[in-house]
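**Student:** sequence below, structure please.
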Amino acid sequence: MKRTQIYIPEETHLGAQGIADRLDISVAEVYRKYIEKGLNLNKERKQHGSASALLSLKYTSGPKDLSKNHTKYLVD
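**Tutor:** Below you'll find the model as predicted:
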């Protein structure tokens with residue numbers, strides 16, 4: 001493991017302390033778990049694309065009635 005030092009807001013630390021107490025683990029372990037979870041979520045979004053990225057796409061081709069008859073095109 002790599003040792004590092006960070007500054008976090010007091011309320012964030014208190015929240016992490018509460019979680020650590022409930023789970024009977026160290027605050028450092030709480031931080032490690034949340035950082036890992038955040039990194040994995042970010043990795044998944046990059047692999048699959050985020051919903052907001054998909055919604056922002058502009059389509060210039062395809063059937064003119066796609067929005068009206070989307071079910072037909074999804075089933076066919």
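
**Student:** buried set for stretch 7-24?
**Tutor:** Within stretch 7-24, the residues that count as buried by 16 or more other Cβ atoms under 10 Å are 16, 19, 20. Backbone N, C-alpha and C define where each C-beta goes, glycine included.

**Student:** could you dump those residues to JSON lines with secondary structure, pLDDT and distance to residue 64?
**Tutor:** What follows is the buried residues of stretch 7-24, written out as JSON lines (DSSP: H, G, I helix; E, B strand; the rest coil; pLDDT from 0 to 100; distance: Cβ to Cβ, whole Å):
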{"residue": "16", "secondary structure": "helix", "pLDDT": "92", "distance to residue 64": "54"}
{"residue": "19", "secondary structure": "helix", "pLDDT": "92", "distance to residue 64": "53"}
{"residue": "20", "secondary structure": "helix", "pLDDT": "93", "distance to residue 64": "57"}
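
**Student:** what about residue 12, which helix or strand?
**Tutor:** Per DSSP states H and E, residue 12 falls inside helix 10-23.

**Student:** now residue 26. Nearest residue, chain neighbours left out?
**Tutor:** residue 20 (6.0 Å; Cβ to Cβ, 6 or more residues apart in numbering).

**Student:** contacting residues for the one you found?
**Tutor:** Applying Cβ atoms under 8 Å, 6 or more residues apart in numbering, we find residue 20 in contact with 26, 27, 29, 30.

**Student:** on that earlier part again, name the next helix or strand downstream of the helix holding residue 12, please.
**Tutor:** Going down the chain from helix 10-23, the next helix or strand is helix 27-48, by DSSP H and E.

**Student:** quick check: which ranges of this structure have low pLDDT?
**Tutor:** 45, 47-63, 66, 70, 73-76 (pLDDT under 70).

**Student:** will you turn the buried residues of stretch 7-24 into a markdown table that also has distance to residue 37?
**Tutor:** A markdown table is the format used below for the buried residues of stretch 7-24 (distance: Cβ to Cβ, whole Å):
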| residue | distance to residue 37 |
| --- | --- |
| 16 | 13 |
| 19 | 12 |
| 20 | 15 |
